[in-house]
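In: Fold the following, please.
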Amino acid sequence: MRNAAKLAHRQCGLRDGSKAGMWRLPTQNEWKVMIDDKYNISNAASTGPWKEGDPFSDVRLRYYW
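Out: You can find the predicted model right below:
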């Protein structure tokens, strides 16, 4: 959590103009909301399956927790 909070533009491939403190990891409960068994992993709005171009990139469908 602390490492995510330190992320900023030009770190870890970020090119979004972000500053330290703008990034965080979701809590386990927030993460559970994003996972829907029928979609495997859902989009940010939890209305359908995740697809390339949605808010997260290079998503792996398993092994986060």
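
In: going forward, measure contacts between C-alpha atoms and count neighbours the same way
Out: Fine.

In: Distance from the helix or strand containing N3 to the middle of the chain?
Out: Using DSSP states H and E, N3 falls within helix 2-6. With C-alpha atoms, centre = their mean, to the nearest Å as the basis, helix 2-6 stands 14 Å off its chain's centre.

In: Over to stretch 1-15?
Out: With C-alpha atoms, centre = their mean as the basis, stretch 1-15 stands 13 Å off its chain's centre.

In: So what's the residue count around C12?
Out: By other C-alpha atoms under 10 Å, the residues close to C12 number 8.

In: That one sits in which helix or strand?
Out: Secondary structure (DSSP H and E) places C12 outside all helices and strands.

In: residues contacting N43?
Out: Taking C-alpha atoms under 8 Å, 6 or more residues apart in numbering, we find N43 in contact with 34, 49-51, 54-55.

In: Adding neighbour count, write the residues you listed out as TSV.
Out: Formatted as TSV, these follow (neighbours: other C-alpha atoms under 10 Å):
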residue	neighbour count
M34	21
P49	18
W50	22
K51	13
D54	13
P55	10
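
In: can you redo those residues as JSON lines with distance to I41?
Out: Output for the contacts of N43, formatted as JSON lines (distance: C-alpha to C-alpha, whole Å):
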{"residue": "M34", "distance to I41": "6"}
{"residue": "P49", "distance to I41": "6"}
{"residue": "W50", "distance to I41": "6"}
{"residue": "K51", "distance to I41": "9"}
{"residue": "D54", "distance to I41": "12"}
{"residue": "P55", "distance to I41": "13"}
